[in-house]
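> Quick one, structure for this:
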Amino acid sequence: MKYVLSVLVLLISFIGCKGKIADDANKSSKNIQLTQAQLQKTKPISNKQLKELLSDTIGDFKRVQTSMGYTGLYSVEMTYIDNDKKILFSIVDAAGKEGSNLMLLMRQSIDSNIDIKNQNGYIKSTTIEGIRTIKEVTKSGNGIVNKLTMIISGRFLLTIVGTNVDMDELEEIMEDERLISKLQNLAQ
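Model prediction:
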């Protein structure tokens, strides 16, 4: 699952940034339901259950690839395509030892105030449905890549990447598919 590793590398670069990133853990602490110790003792749900969160089609997008599992982590990546548009959903269950360590790092990044802009796009902290979220927009000659990263119930790392898909459309798809509420239900 190359994408999970790239998220980790990006996360470590956020944590190492100085200046524009200030800790603000109190703003999202109400969304954290499981502590690292609780996560270590929690049994992960199966990759199959994660895969079943999304259907084979989402609107005009058709699923073309599914990757499950990663050493020590329960996760799924699903890729959907509609002509030149592509959406990748990545869901990681942070239950268990390896997952709880990943979640500790991700919380530090998502709980920070991030606001970085340049000529190619931006990375900023925001809130969607009451959940702290990192929004990223990267423009290139080939199009635009939009990304949402959030932690659901202190347990699930949800990342949605849209290539040539507007940020508003990504958020609408996430809402229409009820991904946040589905993951919140699984966390209980």
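
> and the residue of the chain most remote from its centre, backbone torsions?
The centre of the chain is farthest from one residue, G141, which by CA atoms, centre = their mean lies 25.1 Å away. Dihedral pair for G141: phi -60, psi -20, per degrees, to the nearest 10.

> Now tell me which helix or strand of the protein has the poorest mean pLDDT.
Least confident helix or strand, the chain: strand 22-23 with a mean of 36, by mean pLDDT, DSSP states H and E.

> Looks like I58 contacts E175 (just checking).
No - applying CB atoms under 8 Å, one finds I58 not in contact with E175, separated by 11.8 Å. Bear in mind the C-beta positions are built from the backbone N, C-alpha and C, glycine included.

> who has more neighbours, these two?
Neighbour count, other CB atoms under 10 Å: between I58 and E175, I58 has more, with 18 against 13.

> Which residues does the more buried one form beta bridges with?
Judged by DSSP bridges, the bridge partners of I58 are F61.

> what do you get for the one 10 residues further on?
In this structure, M68 bridges to V76 when assessed by DSSP bridges.

> list the contacts for the nearest residue to D84 once chain neighbours are set aside?
Spatially, and ignoring its direct neighbours in sequence, D84 is nearest to N164 (5.3 Å; CB to CB, 6 or more residues apart in numbering). Residues near N164 by CB atoms under 8 Å, 6 or more residues apart in numbering: 84-86, 143-144.
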